[in-house]
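# what's the 3D shape of this:
(one chain, ligands or ions: 2)
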Amino acid sequence: MLIVMAGLPGSGKSSVAEALGRRLVAPIVSVDPIEAAMWRAGVARDQPTGLAAYVVAEAVAGGVLSLGQTVITDAVNAVGAAREQWRSLAARHNVPVAFIEVVCSDPVVHRRRLEGRSRGIEGFPEPTWEAVERLREEFAPWTDHRLVLDAVTDVSSNVTVAVEFLATVS
Ligand SMILES: Nc1ncnc2c1ncn2[C@@H]1O[C@H](COP(=O)(O)OP(=O)(O)OP(=O)(O)O)[C@@H](O)[C@H]1O
Ligand SMILES: [Mg+2]
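Residues are numbered from 1 along each chain as shown. Ligands and ions are numbered 1, 2, ... in the order given. The predicted structure is shown next:
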């Protein structure tokens, strides 16, 4: 199956994805490190590297699905076009797609986590709280069947809920 994480920067997607990936023994294809790699390789920042990173992630995830194995993709997925890309990838491979959105319902906690962490992606600036607030306005409403996890809950409880949800997706 194709498992797609979504949510604002610092909401806790990657933390849940990594724990879920360990639990399922499934690889994670994360968009931000791909974009950072393009910049390190000399692709100019005014090029559409944001979109390109999603397309590269799709290609890599498609390779895993071709092996008949589950893959987790990790990206903000704020807009309809991004979500449609994953639906279409899953359809081409004839596998179910499971969307897992991670929110952080407490803005004080969210901001503290965003500003307190360092992902250590070389050449990749950490988003500011102001950028997160702007993205919140742009985050398209979502009607897909999906699991919404709140990152005020601990990661391992959320992973247990995610595993239960995945058992219902077909
Ligand atoms: N219960 C929790 N669930 C998720 N993340 C948590 C939790 N408690 C603390 N955190 C911390 O919150 C911070 C932000 O999480 P994370 O980096 O996973 O967010 P993200 O949604 O992947 O952000 P980005 O889109 O910028 O990559 C991390 O430092 C993470 O360790
Ligand atoms: Mg992340």
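
# where's residue 151 relative to residue 15, distance?
With distances taken as Cβ to Cβ, to the nearest Å, residue 151 is found 7 Å from residue 15. C-beta coordinates here come from the backbone N, C-alpha and C atoms, glycine included.

# With neighbour numbers in mind, choose between those two.
Between residue 151 and residue 15, residue 151 has the larger neighbour count (other Cβ atoms under 10 Å), namely 22 against 16.

# Could you pull up the residues touching the more buried one?
11-12, 15-16, 102-104, 109-110, 113, 158 (Cβ atoms under 8 Å, 6 or more residues apart in numbering).

# Of the residues you listed, which are in range of ligand 1?
Intersecting the contacts of residue 151 with the contacts of ligand 1 gives 11-12, 15-16, 102, 113 (criterion: Cβ under 6 Å from any ligand atom).

# Pick the one among those residues closest to ligand 1.
Of all these, ligand 1 sits closest to residue 12, with 2.6 Å by Cβ to the nearest ligand atom.

# Enumerate the residues of the protein near ligand 1.
Near ligand 1, when you scan the chain using Cβ under 6 Å from any ligand atom, you find 7, 9-16, 32, 76, 102, 113, 117, 127, 151, 154-155.

# Could you pick out which of these are located in strands?
residue 102 (DSSP state E).

# Give the phi and psi angles for residue 3, as a check.
Note on residue 3: its backbone torsions stand at phi -110, psi 120 [degrees, to the nearest 10].

# re the thing from before, now which of the contacts of residue 151 would you call buried?
If you count burial by 16 or more other Cβ atoms under 10 Å, the buried members of these come out as 11-12, 15-16, 102-104, 110, 113, 158.

# These into CSV, with extra columns for distance to residue 2 and pLDDT?
Below are the buried ones among the contacts of residue 151 laid out as CSV (distance: Cβ to Cβ, whole Å; pLDDT from 0 to 100):
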residue, distance to residue 2, pLDDT
11, 20, 98
12, 20, 98
15, 20, 98
16, 16, 98
102, 17, 98
103, 21, 98
104, 24, 98
110, 27, 98
113, 27, 97
158, 19, 98
